[in-house]
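*Asks:* Mind looking at a prediction? Sequence and model below.
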Amino acid sequence: MNCLFCERPAGNGVKISKEHIFGDWTTRVLPPQPPKRSYRSSIFNPRTGEMERNDYKAPVPLLQTQVRGPCEDCNGGWMNDQEMAVKPYAKHLFYGRDLHMSPDLASTIATWISKSSMVRDAQDDKRVQAVTQDRRNWIRTRLTPPPGTWVWIACLHVDHALTASRHHTRYRATALHLAEPLVANAFVSTFSFHRLVLFVAGCPPGVGAVYDPSALFPETILRIWPDPAPCHWPPRRTISDELVAKLCDGEGIFSPPAQPPA
């Protein structure tokens, strides 16, 4: 088995470890989680126009879920550094407390959650994994989200005791009539931590359009990558469960929104 990020094979001093999707420090910042957790993965097939959803239960809470793949050097090195960089701001972010977000801080949050979305992608069946090795190499070596990545944050309208994770992938083909098997090449990962909700979209340049929901909901959704700009957390308006659900499935990101903002 090779490391998910640096690709070194196990052996000769290289040990493959299990990586938490989120650092275990989050369990000390967030409310207690239920002993078992449901996950949802979905994939959209443009040839059939159908959405396939898969729900499954994990035997441990989301914050304790681990994915086997990174080597110990990656896990305990640059990946841990991303966790520690966000930790000082976690309570402000998770509980919707006032925070001035500089471009550097926005970039730090975007890199952290992009790394987490890549680990989350590796949890799914290979046929629906949409993160390529090039994207993992980029974030490991440059410590920024790779090209073709967008990250948005919003504040939920009520406290959510549960931490949630949804991972939506898409086949984005330029020629749908081709007989070759479609390859998942775009994704939206959605994560919520109490009041903080983050959306990470990945789509290789040139594959298809990506719509920016923060352009339609500027007082509700903040785009923190690419081109992070100074902003204030939390946004002036909270996000509804209905809008979160639409964005989870790529509506308003990989397709135009169904209706204009209220």
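*Replies:* Ah, there it is.
*Asks:* for residue 135, helix, strand, or coil?
*Replies:* Here residue 135 is recorded as helix under DSSP: H, G, I helix; E, B strand; the rest coil.
*Asks:* would you list every one of the strands in this structure?
*Replies:* 16-20, 37-45, 50-58, 66-71, 99-101, 149-155, 164-170, 186-193, 196-202, 221-225, 231-233 (DSSP state E).
*Asks:* other SSEs contacting the fifth one?
*Replies:* Translated: strand 99-101. Packing partners of strand 99-101 (3 or more CB pairs under 8 Å, 6 or more residues apart in numbering; DSSP states H and E): strand 231-233. Placement of C-beta: from N, CA and C, glycine included.
*Asks:* Tell me the strands beside the strand it packs on, with direction?
*Replies:* The pairing partners recorded for strand 231-233 under DSSP bridges are strand 99-101 (antiparallel).
*Asks:* pLDDT weak spots in this protein?
*Replies:* By pLDDT under 70, the weakly predicted segments of the chain are 34-41, 46, 54-65, 159-164, 171-182, 257-262.
*Asks:* so how far is the helix ranked longest in it off the chain centroid?
*Replies:* Across the chain, the longest stretch assigned as helix under DSSP state H is helix 103-121. Its chain's C-alpha centre and that of helix 103-121 lie 7 Å apart, by CA atoms, centre = their mean, to the nearest Å.
*Asks:* For the residue nearest to residue 80 when sequence neighbours are not counted, give its distance to residue 81.
*Replies:* Closest residue to residue 80 apart from its sequence neighbours, by CB to CB, 6 or more residues apart in numbering: residue 23 at 7.3 Å. For residue 23, the distance to residue 81 equals 11 Å [CB to CB, to the nearest Å].
*Asks:* For residue 106, list the residues it contacts.
*Replies:* 224-225, 228-229, 231 (CB atoms under 8 Å, 6 or more residues apart in numbering).
*Asks:* From residue 89, how far off is it?
*Replies:* Taking CB to CB, one finds residue 106 at 11 Å from residue 89.
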